[in-house]
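Engineer: Mind folding the following:
(chains A and B)
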Amino acid sequence: MTMDRSQGRVQRPANDAAPVATASGHRGLVLEEALIFEQGQVGRTGVDLPEPTAMLSRLGGLDRQGAIGLPGLAEPQVVRHFTRLSQKNYGIDSGFFPLGSCTMKHNPRLNEKMARLPGFGDIHPLQPESTVQGALALIHELAHWLTTLTGMPAVALSPAAGAHGEFCGMAAIRAALAARGDVRRRVLVPESAHGTNPATAAALGYEVDPIPATARGRVDLAAFKAKLGSDVAATMITNPNTCGLFEDEIQEIAHLIHGAGGFFYCDGANFNAIVGRVRPADLGVDAMHINLHKTFSTPHGGGGPGSGPVVLSADLAPYAPLPMVVLEGDRYRVVETADGSAAATFGRLKAFHGQMGMFVRALAYMKSHGADGLRQVATDAVLNANYVLARLKGRLTASFDGPTMHEALFDDRFLKDTGVSTLDFAKALIDEGFHPMTMYFPLVVHGAMLIEPTETESKEAIDQFCDTVLSLAERAASEADAFHASPRLTPRRRLDETQAARKPTLRWTPPALPAAAE
Amino acid sequence: MLKFTKDHEWLRIDGDVATVGITAYAQEQLGDVVFVELPAIGRALKAGKDAAVVESVKAASDVYAPIDGTVTEANDALPDEPGLVNTDPMGAGWFFKQTIANPAELEPLMDEVAYAAYIESLS
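Structural biologist: You can find the predicted model right below:
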C-alpha cells in the first residue's frame, strides 16, 4: 500500500513559471493603475463647497466658460493613485542606482529635517528682509563653504540645475569678453563632454569646436593647441571627465587657454570625486558649476529640483547674476538692482534666490560631514569605483587602462559575437532588481556602460551588484534570446523606445462623448 | 557617381547636383533613427560643417556637409518617417540635395571600394 505522505503537510507551491492570468488585471500586489484621468467620474469630488452666489468677475470677460476638464475624484482614490505610482518607482531609497555621471548617492534624512524647519520651509521670497535674516544667513554661509571648497572668490547661487549653471558661467564669460571689447566666436569642448556643454555654448551664440580624446581617454593636448586662437572664447572641460578619468594635463590646458586670452569653464558635475582634495582654483578654473544634487546629496532624479551654483574667478565675479546676499554689519541684505558693486551684472537668471530647499539640505550635508568628512566622501567614492572596476574588468572590457576616479567605464567588446547589446544587458539588470548603469554614454567608446557606485553603497551592496553583472556576462554567451526578451519580470516588458520617440503620446484625450440625444 | 566621406556621409553626383545621406554603416551604429532635422533650402553649406541633425534612440549626431554648396532640396518624407534612414539609407532615406560649388572637393572623397575598406579598418 502506498501512503499519501503529503497528508497533513503544507504542500509546496507548484513551481509554475508560466504567467498567471488574473481576473482583475492586477498581479499579486503589483496593481495595474489606470491614468488618473481615466479614473475620474463626472460629479465626484473630494471637497464639498457651497455654490458661490453673486460672484463678481473682474476678468473682463476672459474667465473660463467651459468645464476645466479635471477628473472628478474622491480623496482616497487620489491617495491610492499616487501611492501606487510611487511603489512602481525605483529610486535611490529602493536600491542600488549605479547611473554613471549622475552621482545617485543617499539623501541623508537629517537634511530633510533641516529643510522642513519652519524658518526655512514656510517662508516666502517676497517677505521683508528683516523677517528672513536666518535664511539669508544660511545662503551666505553656503556661499562661504562653496568658495572655500573650490578656492574661488565668488559664487552665484541662483542657477536651478547643472546646465543652468553652465549657462550662468558662460554668460559671465561672454559678458567679461564684451566688457573688454573682445568678440570671440568659438568654444572648445571635448568629444566626451556632457551634451549640455555644447548646448550651452550654442545657446549663447558660440560655435562649438570639438576636441578629440587620446587613447588614454583624456583631452588631446596637441589637438587642443592646434585649435586655440584669438577667436576662442573659452574651453569647457569636465574634470574628472565623463570617462571617470582625471584630466592630468588640466593645468597646462588652463595655462594655454589663458595664454590665448580665453577662459576655462570647468563642468563640476563630477566634483564628488575630488571635493576636499582638489581646489578647482588651483587648476586654473575661471568658472565652475557645482551640482548640489550630486556632490552634496540633495535629492534628484525625480526626487527634487536640481541646484547648480557657479563659482567664479575675480575677473568674472562682477558679472554674476542677481540677486545676491551680502552681509552689511550684522544684517544680511539682498542685492536686487544693477548698481553699486553689482553694476556690471549680466542680469537675472531666475525669479528669486535659487533652490532654497536645496541650499538648506546641502549646507546640512556639509556641516554634518565637516571638512574631513567631505574629504572622506571623495576618497570613498573613488575607492568604491575602483573596487567595481577591479571586480568586473576580468570579465567585462574596461575602456581604459589604469585606475579610475569615481566611476568605472566599460564598453561592449566583451559582448562581441554574443548577439547581446549594451541595451539588452541593461534590461536584463532590471530583472535582477537593479537600476541599470548609464548606457551609450560617453559616446567616445562603443556601447558604453558607465557605473558609478558612489561612496554611500556598502561593500555588500556593491558585491551583490558585481556578482550579478558577472553572472549576466557569463550567460550572455549562451542566452541571447533571454536577453532580447528582458525585462521579463517587470509590470511592463520591453518597451518600444523607438515608437515612443517617433510617435509620442504626450497627453491624454477624453474618449469621444456619445452624441447627445435629439 | 557615388562618393563617401570619413564621417559616413554618401553623395550621389548627378550632373551639377549632389544628393547627400548617411551610409548603411552609420545608421547601423546609430540604431533606430527617431528624428531628423534638415537644412533649409537655399542655405549655404561649408564642407565639414554641420548641415543636418540625426537623432537615434542612442544619441544625437550632426551630419556634415561633404562639400561646399547650396541646399536645393530636402527630403520632406524624413521628418514624418525618420525610419527611412534605417530601412533605405542609400535610397529613400536621403537627406538633402546641394549644388557642387567646387568640383575639386570631390576628388579626395572615397569611392565605394575605398569606403568598404575604410569600414573594414574601423572594426
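Engineer: Retrieve the pLDDT associated with residue 18.
Structural biologist: Unless you meant another one, I'm taking chain A. Predicted confidence (pLDDT) for A:Ala18: 61.
Engineer: hm, I was asking about chain B
Structural biologist: B:Ala18 carries a pLDDT score of 96 in this model.
Engineer: In chain B, what helix or strand scores lowest on average pLDDT?
Structural biologist: None of the helices or strands of chain B scores lower by mean pLDDT, DSSP states H and E than strand B:60-64, at a mean of 90.
Engineer: near chain A, anything from that strand?
Structural biologist: Yes. Residues of strand B:60-64 contacting chain A under C-beta under 8 Å from any C-beta of the partner chain: B:Ala60. (Each C-beta comes from the backbone N, C-alpha and C, glycine too.)
Engineer: Check which helices and strands that strand sits against.
Structural biologist: Applying 3 or more C-beta pairs under 8 Å, 6 or more residues apart in numbering or on different chains; DSSP states H and E, one finds that strand B:60-64 contacts strand B:50-56.
Engineer: pull the CA atoms of the strand it packs on into PDB?
Structural biologist: Extracted in PDB, the C-alpha atoms of strand B:50-56 (Å, rounded to 0.1, in the frame of the first residue of the first chain):
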ATOM      1  CA  ASP B  50      27.100  70.700 -39.800                       C
ATOM      2  CA  ALA B  51      24.300  70.600 -42.200                       C
ATOM      3  CA  ALA B  52      21.600  68.300 -40.600                       C
ATOM      4  CA  VAL B  53      21.000  66.600 -37.300                       C
ATOM      5  CA  VAL B  54      20.100  62.900 -36.900                       C
ATOM      6  CA  GLU B  55      18.800  61.600 -33.600                       C
ATOM      7  CA  SER B  56      18.500  57.900 -32.700                       C
END
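Engineer: tell me how far it is from the chain's mean position?
Structural biologist: Remark: strand B:50-56 is offset 9 Å from the chain centroid, using C-alpha atoms, centre = their mean, to the nearest Å.
Engineer: for that strand, which positions count as buried?
Structural biologist: With burial defined by 16 or more other C-beta atoms under 10 Å in any protein chain shown, the residues of strand B:50-56 counted as buried are B:Asp50, B:Ala51, B:Ala52, B:Val54, B:Glu55, B:Ser56.
Engineer: Also near chain A: which of the residues you listed, exactly?
Structural biologist: Residues of these in contact with chain A (C-beta under 8 Å from any C-beta): B:Glu55.
Engineer: can I get the buried residues of strand B:50-56 in TSV with pLDDT?
Structural biologist: Putting those into TSV (pLDDT from 0 to 100) gives the following:
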residue	pLDDT
B:Asp50	89
B:Ala51	95
B:Ala52	95
B:Val54	95
B:Glu55	94
B:Ser56	92
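Engineer: Which of the buried residues of strand B:50-56 sits closest to A:Glu328?
Structural biologist: B:Asp50 (50.1 Å; C-beta to C-beta).
Engineer: Grab the nearest non-local neighbour of that closest one.
Structural biologist: With C-beta to C-beta, 6 or more residues apart in numbering or on different chains as the criterion, B:Asp50 has its nearest non-adjacent residue at 4.1 Å, and that residue is B:Asp62.
Engineer: Counting neighbours, what do you get for the one you found?
Structural biologist: 16 (other C-beta atoms under 10 Å in any protein chain shown).
Engineer: Is there a neighbour count for A:Leu136? I'd like the number.
Structural biologist: Neighbours around A:Leu136, by other C-beta under 10 Å: 18.
Engineer: so it is in which element?
Structural biologist: When elements are assigned from DSSP states H and E, A:Leu136 belongs to helix A:133-150.
Engineer: May I have that helix exported as PDB, CA atoms only?
Structural biologist: The C-alpha trace of helix A:133-150 is given here as PDB (Å, rounded to 0.1, in the frame of the first residue of the first chain):
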ATOM      1  CA  GLN A 133      17.600  87.000   8.300                       C
ATOM      2  CA  GLY A 134      18.200  83.400   9.300                       C
ATOM      3  CA  ALA A 135      17.500  82.100   5.800                       C
ATOM      4  CA  LEU A 136      19.800  84.800   4.300                       C
ATOM      5  CA  ALA A 137      22.500  83.900   6.800                       C
ATOM      6  CA  LEU A 138      22.200  80.300   5.600                       C
ATOM      7  CA  ILE A 139      22.600  81.400   1.900                       C
ATOM      8  CA  HIS A 140      25.600  83.400   2.900                       C
ATOM      9  CA  GLU A 141      27.200  80.500   4.800                       C
ATOM     10  CA  LEU A 142      26.600  78.100   2.000                       C
ATOM     11  CA  ALA A 143      28.400  80.600  -0.300                       C
ATOM     12  CA  HIS A 144      31.300  80.600   2.100                       C
ATOM     13  CA  TRP A 145      31.500  76.700   2.100                       C
ATOM     14  CA  LEU A 146      31.400  76.600  -1.700                       C
ATOM     15  CA  THR A 147      34.000  79.300  -2.200                       C
ATOM     16  CA  THR A 148      36.300  77.700   0.400                       C
ATOM     17  CA  LEU A 149      36.000  74.200  -1.000                       C
ATOM     18  CA  THR A 150      36.800  75.400  -4.500                       C
END
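Engineer: elements contacting it?
Structural biologist: By 3+ C-beta pairs under 8 Å, 6+ apart, helix A:133-150 packs against helix A:118-121, strand A:154-156, strand A:310-312, strand A:324-328, strand A:331-335, helix A:356-392.
Engineer: between those, which gets nearest to chain B?
Structural biologist: helix A:356-392 (22.1 Å; C-beta to the nearest C-beta).
Engineer: Can you give me the buried ones in the closest one?
Structural biologist: Buried positions in helix A:356-392, judged by neighbour count with 16+ other C-beta under 10 Å: A:356-366, A:369, A:374-378, A:380-382, A:384-389, A:391-392.
Engineer: do stretch B:100-120 as well
Structural biologist: Buried residues in stretch B:100-120, counted by 16+ other C-beta under 10 Å: B:Ile100, B:Ala101, B:Glu105, B:Leu109, B:Met110, B:Tyr115, B:Ile119.
Engineer: Many thanks, have a good one.
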